[in-house]
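Trainee: pasting the sequence and the predicted coordinates here, then a few questions.
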Amino acid sequence: MTVPAGVLHFRIAKKKGVAYMTALSKWLSSLSYGYIIGGLVVLLVAFYFLFNVIPRTKPVKGQLLCVVGMDLITLLYYLLTFSLRVSKMAAQSGATPRTMPRLWAFLMAFASVGAYIAILKKDNKPDKKFDRWVFALLVALGSIVSVALFQWIGYYLSSALFIVTVMIAMGEKNKLQLILTPIVWCIFTYFVFNKLLFISLPVGSLFKGLL
Amino acid sequence: MGEIFKNLGMGFATVGNLQSIVWILVGVCVGILGGAIPGISPSMAVALLLPMTYAMSPTVALIMLMGIYIGANYGGSITAVAINTPGTPSATVTAFDGYPLLKKGRAGEAMGISLWASVFGGVLSIFILMFFSVPLSRAALKFWPSEYFALCIMGLTTVATLGGKNWQKALVTCLFGLLLNTMGLDPTFGIKRFTFGVTKLFDGFEMVPVLIGLFALGEVLSNLEHYDPKATVRHENVDYKMPKFSYYLKLKWSILRAGLIGCLIGIFPGAGGTIASFLAYDVEKRVSKNPEEFGHGAPAGVAAAEASNSGSVGGAMVPMLTLGIPGSSTAAVLLSALMIHNLNPGPQLFTNEPQLVYGLFASMFVANVLMGLVGHFGAKVWVRVGYIKKTILYPLIFAFAILGSFSIKKSMFDVCTCLAFGVIGWIFKKYDYPASPIVLGLVLGKLIEENFVQTMMVTGPMGFVTRPLTVILFLISIAAIAYPIISERIKKKKGAPAKQ
């Protein structure tokens, strides 16, 4: 039986497409997550500037960027599925490790179209303005520093410093509260975690010699 | 029926020891404390305390978390009455009449009604939970993988209700959660997916840091962003002496009606206490002889709001325990707690872990009784909780969240996961993307994949269309998705002529 030329062309194109996708997928999976996060950030910044110049998207750019971010990750996952190994048994059953991520990616494409339409509708609320976002972000970063310090100065001192710093940054001036809050916190965590739940928290290399 | 009571007796024997009662009491107190502090939701309170349960036995862990859930649902009403600021979203309706009652000098009445309506609504819901969940779990045991798959899909469609007006955004976040769930080793074939060379991602994301990040840190970051150092909380100097017990008998029908409504609404995944309390309040207003009193200090309004709110707790546990589908965002966190303790939520739980299930039922009775006592004798103390300074509260929540995510495996990676999801939760909150659907996707994703693959392997794709129950469940799912779209269009059509 001869196969029509159109079908043959489609099959060849499909094979070539899959080969390109697999090559792209392999390249993506060889990258470290730092590059991938960096790439996503660059793309999001590019979209930010794009949405900022279009009058219709400008007031809702934050809402749009949320969906774009999720879509970019979905696209990345979809591309990565091409390099996932498929066993013979899985291929025969019709449900491979690629199936579910692709199904969710496929549904995501539809759902995000709905979300874009809903966001771009005229009656949709514009983005809320950012208030003291730098402060909130600094607190989050401060907590990372605090955890990084666990191994040197220990959990107790590190968390006490973190609490006092945030309290001062929030405008607390009552000295008694500034002193008592971290002390009570340390005593509470020591008894609950160390004594009650038997979860030992790091004391830090600086104080290890003392104990 | 007799068997249920016999098993309940076994449950009481499981929790009838000092250790369990102390942990339930701790849970209730922490829950009330959390609920009474505006900005801490029941799901956040449960998520924050989740890491502490690692060292506990599954039963003790579950009963303590359940105590928090029950306590937090009541705790929200304290500040709703005292300072007109609901501690939890579901206590919004309590403030409608609770605060006007306080303004009239009847603060004790308002506090007493909200407390005892919560207790009786809660107890009522436990009976309904038991009588619904036992037969439902037996029926669910006979489900085929295709039916379970369809059921999970139906569970996912609850995002339509979780999202409310923003259901499109909720749908996207739910799918995003499902996609994130595919990270790590594939559950059937053991193939690595999307791990980017990070060995800690082989099991996917650790649930506790994700939950703490989304529910606790997201909320705190949002509060920090809008924190105003000059804002002050008004202290009301009022008498909180509660009336005698006979006073509450006048409200028995209101409590009974609202409790039933709350429980039934709670059964539907995604509906939750907020919808239940609004609905029960509306029903109570309609049946009242003095509907004009509502909103100006009607005791029945407070009773309806609180009984339905507490009633929804038992309701939300029905789909969670029997089908493994969370009925509310707090139930989703509890579901994760079950998984963390290597327990499979779903019908097998009733046959494999009857002591735990009936122990949980019994603990709910104990928790409600303890809540009544703690609430009655400690009303004045709980009211003061709402006045805690934000400069103390937020750093402590932050420190607790970090400690919680660090203590699980003592891993920096978990802390970074928690912070990353905290930032996601904060951004989502800012742009009206509900966070609960992500959790729903993360919780149900594995179950969906396993049942999908099993169906494909056993019967092939035809398995999804040949079993009648599977088809019915799919149709319900389609209807659940279509409902908000159609109702929105109908509303618009109705609105258009009115504008003209």
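Mentor: Noted; the coordinates are in hand. Numbering: from 1, shown residues only, chains lettered A, B, ... in the order given.

Trainee: CA only for contacts and neighbour counts going forward, please
Mentor: Fine.

Trainee: compute the number of surrounding residues for residue A:111.
Mentor: Residues near residue A:111, counting by other CA atoms under 10 Å in any protein chain shown, number 20.

Trainee: identify the residues contacting the residue lying closest to it once chain neighbours are set aside.
Mentor: Leaving aside its sequence neighbours, residue A:111 sits nearest to residue B:172 (CA to CA, 6 or more residues apart in numbering or on different chains; 5.7 Å). Going by CA atoms under 8 Å, 6 or more residues apart in numbering or on different chains, residue B:172 touches A:67, A:108, A:111, A:112, A:115.

Trainee: any stretches of chain A with poor pLDDT?
Mentor: Residues of chain A meeting the criterion pLDDT under 70: A:1-2, A:209-211.

Trainee: which helix is the longest one in it?
Mentor: helix A:5-30 (DSSP state H).

Trainee: cool, and chain B?
Mentor: Chain B, longest helix under DSSP H: helix B:107-141.

Trainee: tell me which strands and helices that one is in contact with?
Mentor: helix B:2-15, helix B:58-82, helix B:92-103, helix B:252-267, helix B:299-323, helix B:348-352, helix B:354-377 (3 or more CA pairs under 8 Å, 6 or more residues apart in numbering or on different chains; DSSP states H and E).

Trainee: can you say which of these is nearest to residue A:154?
Mentor: helix B:58-82 (27.9 Å; CA to CA).

Trainee: quick check: residues of the stretch 201-350 of chain B near chain A?
Mentor: Proximity of the stretch 201-350 of chain B to chain A (CA under 8 Å from any CA of the partner chain) is limited to residues B:221, B:222, B:224, B:225, B:226, B:227, B:229.

Trainee: out of those, which end up buried?
Mentor: Listed as buried from those are B:221, B:222, B:224, B:225, B:227; burial here means 16 or more other CA atoms under 10 Å in any protein chain shown.

Trainee: could I get those as a markdown table with distance to residue B:68 and secondary structure?
Mentor: Output for these, formatted as a markdown table (distance: CA to CA, whole Å; DSSP: H, G, I helix; E, B strand; the rest coil):
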| residue | distance to residue B:68 | secondary structure |
| --- | --- | --- |
| B:221 | 23 | helix |
| B:222 | 23 | helix |
| B:224 | 25 | helix |
| B:225 | 27 | helix |
| B:227 | 27 | coil |
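
Trainee: and the least confident of those residues?
Mentor: Among these, residue B:227 has the lowest pLDDT, at 83.

Trainee: list the contacts for that one?
Mentor: Here residue B:227 is in contact with residue A:132 (CA under 8 Å, 6+ apart).

Trainee: any idea of the pLDDT on residue B:367?
Mentor: 94.

Trainee: cool, the one 3 residues further on as well?
Mentor: Here, the pLDDT recorded for residue B:370 equals 93.

Trainee: spatially nearest residue to it, not counting backbone neighbours?
Mentor: residue B:25 (6.6 Å).

Trainee: surely the one you found meets residue B:365?
Mentor: No. Between residue B:25 and residue B:365 there is no contact under CA atoms under 8 Å: 12.0 Å.

Trainee: closest residue of chain B to chain A?
Mentor: residue B:225 (4.5 Å; CA to the nearest CA).

Trainee: ramachandran angles for residue B:184?
Mentor: When read as degrees, to the nearest 10, the backbone of residue B:184 gives phi 100, psi -160.

Trainee: burial of it, as a residue count?
Mentor: Residue B:184, neighbours per other CA under 10 Å, totals 22.

Trainee: then the one 3 residues further on?
Mentor: Per other CA under 10 Å, the neighbour tally for residue B:187 reads 16.

Trainee: look up how far residue B:217 lies from the residue of chain B closest to chain A.
Mentor: From residue B:225 over to residue B:217 the distance is 12 Å, taken as CA to CA, to the nearest Å.

Trainee: and residue B:470, by the same measure?
Mentor: Residue B:470 sits 39 Å away from residue B:217, going by CA to CA.

Trainee: and those two? which has more neighbours close in?
Mentor: A count of neighbours by other CA under 10 Å puts residue B:217 above the other of residue B:470 and residue B:217, at 33 against 22.

Trainee: from memory the more buried one sits against residue B:429, does it?
Mentor: No. Using CA under 8 Å, residue B:217 makes no contact with residue B:429, being 11.3 Å away.

Trainee: run a quick neighbour tally on the nearest residue to residue B:344 once chain neighbours are set aside.
Mentor: Spatial nearest neighbour of residue B:344, chain neighbours left out: residue B:338 (6.9 Å); criterion: CA to CA, 6+ apart. Using other CA under 10 Å, the number of residues around residue B:338 comes to 19.

Trainee: name the nearest residue to residue B:207, sequence neighbours excluded.
Mentor: In this structure, residue B:207 finds its nearest non-sequential neighbour in residue B:336, 6.9 Å apart by CA to CA, 6+ apart.

Trainee: next one: residue B:404
Mentor: Residue B:404's closest residue in space is residue B:51 (CA to CA, 6+ apart), at 5.3 Å.

Trainee: quick one: contacts for that neighbour?
Mentor: So residue B:51 contacts B:208, B:404, B:405, B:407, B:408 (CA under 8 Å, 6+ apart).

Trainee: pLDDT at the second one, what is it?
Mentor: Reading off the per-residue confidence, residue B:404 sits at a pLDDT of 82.

Trainee: same question for residue B:299.
Mentor: So residue B:299 comes in at 88 (pLDDT).

Trainee: same thing with residue B:122?
Mentor: 90.

Trainee: distance check, it against residue B:78.
Mentor: 17 Å.

Trainee: so which of these two has more stuff around it?
Mentor: residue B:78 (37 against 33).

Trainee: ok and the residue in chain A nearest chain B?
Mentor: Closest point on chain A to chain B, by CA to the nearest CA, is residue A:132, at 4.5 Å.

Trainee: skipping adjacent residues, who's closest to that residue in space?
Mentor: If the residues on either side of it in the chain are set aside, residue A:132 comes closest to residue B:225, at 4.5 Å by CA to CA, 6+ apart.

Trainee: okay but the one you found is in contact with residue A:138, surely?
Mentor: No. With contacts counted by CA under 8 Å, residue B:225 stays clear of residue A:138, the gap being 10.6 Å.

Trainee: by mean pLDDT, flag the weakest helix or strand of chain B.
Mentor: The helix or strand of chain B with the lowest confidence, counting by mean pLDDT, DSSP states H and E, is helix B:159-163 at a mean of 61.

Trainee: so residue A:114 is in which element?
Mentor: helix A:99-120 (DSSP states H and E).

Trainee: which other residues reach that helix?
Mentor: A:56-57, A:60, A:63-64, A:67, A:71, A:74-75, A:77-78, A:81, A:124, B:168-169, B:171-172, B:175-176, B:178-179, B:182, B:449.

Trainee: run a quick neighbour tally on residue A:168.
Mentor: Residue A:168 - counted by other CA under 10 Å - has 15 other residues nearby.

Trainee: quick one: residues contacting it.
Mentor: Residues in contact with residue A:168 (CA under 8 Å, 6+ apart) are residue A:178.

Trainee: so what does it look like in phi/psi?
Mentor: Dihedral angles (degrees, to the nearest 10) for residue A:168: phi -70, psi -40.

Trainee: centroid residue for the chain?
Mentor: Reading this off chain A. In chain A, the residue lying closest to the centroid (CA atoms, centre = their mean) is residue A:37, at 8.7 Å.

Trainee: the intended chain is chain B.
Mentor: Note: chain B centre (CA atoms, centre = their mean) maps to residue B:330, 2.8 Å.
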